[in-house]
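K.L.:
just coords:
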Ligand code: PMP
């Protein structure tokens, strides 16, 4: 058969992560710092809510925009948080689902999307797939929000700015001051901001600041997967001020023909999840962050991460990929920075694993950096 693969699919590059997975699959009992999901299991009472919903026959499609009770509860929450009187809400199949729908609804070929680098890899791949153009703004070496560079990157073709705090892969949490400065720039140029807040509950040193508090033209994306250890349940939501109702409506229209709806019984459990207290998990993850940071800081160039469960560490030597290959051969799975960046100088550690594995990994990385 001749080449039947679409040009669109060929614009997506999966090679970076695939390489680590392929190498990792050959190893016995590795220290897995590669996986971006919590190591704790879904809380028992939320599992029971899902089981209850299944037993009660909540197994059919929900409304395209999501279960009405869940949407009402989300609307009430964002109304209180941001003072949005009449928010628009769409329940999505994970934050990935929300991102895809947002990009499908907003990006035309040639449109520019401003993305701080390093970035969560899905942004680049989806923007490229849709014929948009990523405008990367460098946030090295301290990984603060590069507000001036964002301002400098805006052109007549800029469609949106993406902000991800706490950030995957750097673990940076942007300050109120940085967020306010970004809001001012976006407002001045009347540009939409997509705020990916999937890690918002995982903040260790300061409280979280959302741009939605300062700027109405914000598309707010939140997820359940990381906060409640239910990544396989595929749940997230998009919320916005009523002035962006048309965007949410277009996204809902596209959801109708793609995902149809988020999984119904899990939406029912999500109603209870919104009231679930995650502070014990966050405390456990703060401790993991400390073990990792204290373990690495004397040998590696590392900015102390203050959120999510990642650290983005400078690799010794010239190429991060080379160091990563060496680490994997020594049974420590890390991801080369060029998967998340236009540079190949750092590597990402996900410390969502046991304290003992973190200590073991730190010890091996120390040896390799000698
Ligand atoms: N945004 C960021 C920054 C992420 O790290 C991830 C998951 N790794 C997602 C979105 C997608 O999450 P979900 O599983 O809810 O689709």
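P.N.:
Ah, there it is. Predicted, not measured: the structure shown is a model, and the values here were computed from it. Numbering: from 1, shown residues only.
K.L.:
residue of the stretch 251-370 of the chain closest to the ligand, please.
P.N.:
With CB to the nearest ligand atom as the measure, residue 308 is the residue of the stretch 251-370 of the chain nearest to the ligand, at 7.5 Å. The way it works is simple: take the backbone N, C-alpha and C, and place the C-beta from them, glycine included.
K.L.:
and stretch 135-149, how far apart are its ends?
P.N.:
Start-to-end span of stretch 135-149 (CA to CA, to the nearest Å) is 10 Å.
K.L.:
which other residues reach it?
P.N.:
Contacts to stretch 135-149, defined as CB atoms under 8 Å, 6 or more residues apart in numbering, come from residues 112-119, 150, 152-153, 158, 163, 165, 167, 170-172, 174, 178-179, 181-182, 185, 301, 303, 312, 314, 342-343, 345.
K.L.:
any idea where the helices of this structure begin and end?
P.N.:
Along the chain, counting by DSSP state H, helices occupy 7-10, 15-25, 44-55, 68-82, 94-106, 121-129, 147-153, 176-189, 245-257, 264-273, 279-296, 320-329, 355-369.
K.L.:
who's in contact with the residue of the stretch 251-370 of the chain closest to the ligand?
P.N.:
166-168, 171, 199, 202.
K.L.:
could you verify my assumption that residue 265 touches residue 58?
P.N.:
Yes. Using CB atoms under 8 Å, residue 265 and residue 58 qualify as a contacting pair, with a distance of 5.2 Å.
K.L.:
quick check: the gap between the closest residue in space to residue 200 that isn't next to it in sequence and the ligand.
P.N.:
Closest residue in space to residue 200, ignoring its immediate chain neighbours: residue 208 at 5.1 Å, by CB to CB, 6 or more residues apart in numbering. Note on residue 208: its distance to the ligand, by CB to the nearest ligand atom, to the nearest Å, is 14 Å.
K.L.:
same question, residue 201
P.N.:
Here the distance between residue 201 and the ligand works out to 13 Å (CB to the nearest ligand atom).
K.L.:
quick check: that residue touching residue 278?
P.N.:
Yes. The pair residue 201 / residue 278 is scored as a contact, 5.3 Å apart, by CB under 8 Å.
K.L.:
find the residues that touch each one of those two.
P.N.:
By CB under 8 Å, 6+ apart, the residues touching both residue 201 and residue 278 are residue 227.
K.L.:
before we move on, back to that, residues contacting the residue nearest to residue 200?
P.N.:
165-166, 173, 197, 200, 307.
K.L.:
which phi and psi does it have?
P.N.:
Taking degrees, to the nearest 10, you get phi -80, psi 140 for the backbone angles of residue 208.
K.L.:
picking up where we left off before, with neighbour numbers in mind, choose between residue 265 and residue 58.
P.N.:
Between residue 265 and residue 58, counting by other CB atoms under 10 Å, residue 265 is the more crowded of the two (22 against 17).
K.L.:
hang on, the earlier thing: any idea which of the contacts of residue 308 has the most stuff around it?
P.N.:
Ranking those using other CB under 10 Å puts residue 171 first, with 29 neighbours.
K.L.:
tell me how far that residue lies from residue 289.
P.N.:
Counting by CB to CB, to the nearest Å, the separation of residue 171 from residue 289 is 8 Å.
K.L.:
common neighbours of those two, please.
P.N.:
Jointly contacting residue 171 and residue 289 under the rule CB under 8 Å, 6+ apart are 305, 309, 311.
K.L.:
tell me how far the last one lies from residue 80.
P.N.:
Read that as residue 311. According to CB to CB, residue 311 and residue 80 sit 33 Å apart.
K.L.:
low pLDDT regions in the stretch 251-370 of the chain?
P.N.:
Of all residues in the stretch 251-370 of the chain, none has pLDDT under 70.
K.L.:
OK, contacts around the residue of the chain found nearest the ligand?
P.N.:
For the chain and the ligand, the shortest gap (CB to the nearest ligand atom) falls at residue 94, measuring 2.7 Å. For residue 94, the contact set (CB under 8 Å, 6+ apart) comprises 223, 225, 231, 234-236.
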